[in-house]
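A.B. asks: Below: sequence and its predicted model.
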Amino acid sequence: MVETSYWQENLRLIFICLAIWFVVSFGFGLLLVEPLNAIRLGGYKLGFWFAQQGSIYTFVGLIFWYTHKMNQLDKKYNVEDQ
């Protein structure tokens with residue numbers, strides 16, 4: 001039962017990460033590129049920035065967030081390093 005709860009919470013974290021990354025990379029980088037291009041960031045159009053850099057930065061940030069949350073989850077369920 002504990003193992004099932006652990007994996008359910010792990011999968012929930014993975015789906016949250018995938019949803020955020022999808023919204024940033026596909027939503028901001030492709031679907032909303034025109035409205036975002038009205039805003040400038042460092043001299044570049046924001047839609048272009050999200051398509052080129054934003055999704056990569058978001059992905060790296062999600063890696064650190066996921067690692068932090070998994071460490072908390074491991075402590076919660078007393079999972080030891082193997």
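C.D. replies: Structure's in. What do you need?
A.B. asks: From here on, just use CA atoms for contacts and neighbour counts.
C.D. replies: Will do.
A.B. asks: Residues in contact with the element among helices and strands of the chain having the smallest mean pLDDT: which ones?
C.D. replies: In the chain, the helix or strand scored least confidently by mean pLDDT, DSSP states H and E is strand 40-41, which has a mean of 86. For strand 40-41, contacts defined as C-alpha atoms under 8 Å, 6 or more residues apart in numbering pick out L46, W49.
A.B. asks: and the next element down the chain from that strand?
C.D. replies: As assigned by DSSP states H and E, the chain's next helix or strand after strand 40-41 is strand 44-45.
A.B. asks: What residues of the next helix or strand after that following strand count as buried?
C.D. replies: Per DSSP H and E, the first helix or strand lying C-terminal to strand 44-45 is helix 46-49. Neighbour counts over helix 46-49 (16 or more other C-alpha atoms under 10 Å) mark L46, G47, F48, W49 as buried.
A.B. asks: Can I get the helix or strand harbouring L62 in CSV, CA atoms only?
C.D. replies: In the assignment (DSSP H and E), L62 maps to helix 55-76. Provided in CSV are the C-alpha atoms of helix 55-76 (Å, rounded to 0.1, in the frame of the first residue of the first chain):
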residue,chain,number,x,y,z
SER,A,55,11.2,26.3,-22.6
ILE,A,56,14.8,25.3,-22.0
TYR,A,57,15.0,27.4,-18.8
THR,A,58,11.7,26.1,-17.6
PHE,A,59,12.8,22.5,-18.2
VAL,A,60,16.0,23.1,-16.2
GLY,A,61,14.0,24.7,-13.4
LEU,A,62,11.5,21.8,-13.4
ILE,A,63,14.5,19.3,-13.0
PHE,A,64,15.6,21.1,-9.8
TRP,A,65,12.0,21.4,-8.6
TYR,A,66,11.3,17.7,-9.3
THR,A,67,14.5,16.7,-7.5
HIS,A,68,13.6,18.7,-4.4
LYS,A,69,10.0,17.3,-4.4
MET,A,70,11.3,13.7,-4.8
ASN,A,71,13.7,14.2,-1.9
GLN,A,72,10.8,15.2,0.2
LEU,A,73,8.8,12.3,-1.0
ASP,A,74,11.6,9.9,-0.3
LYS,A,75,11.8,11.2,3.3
LYS,A,76,8.0,10.9,3.7
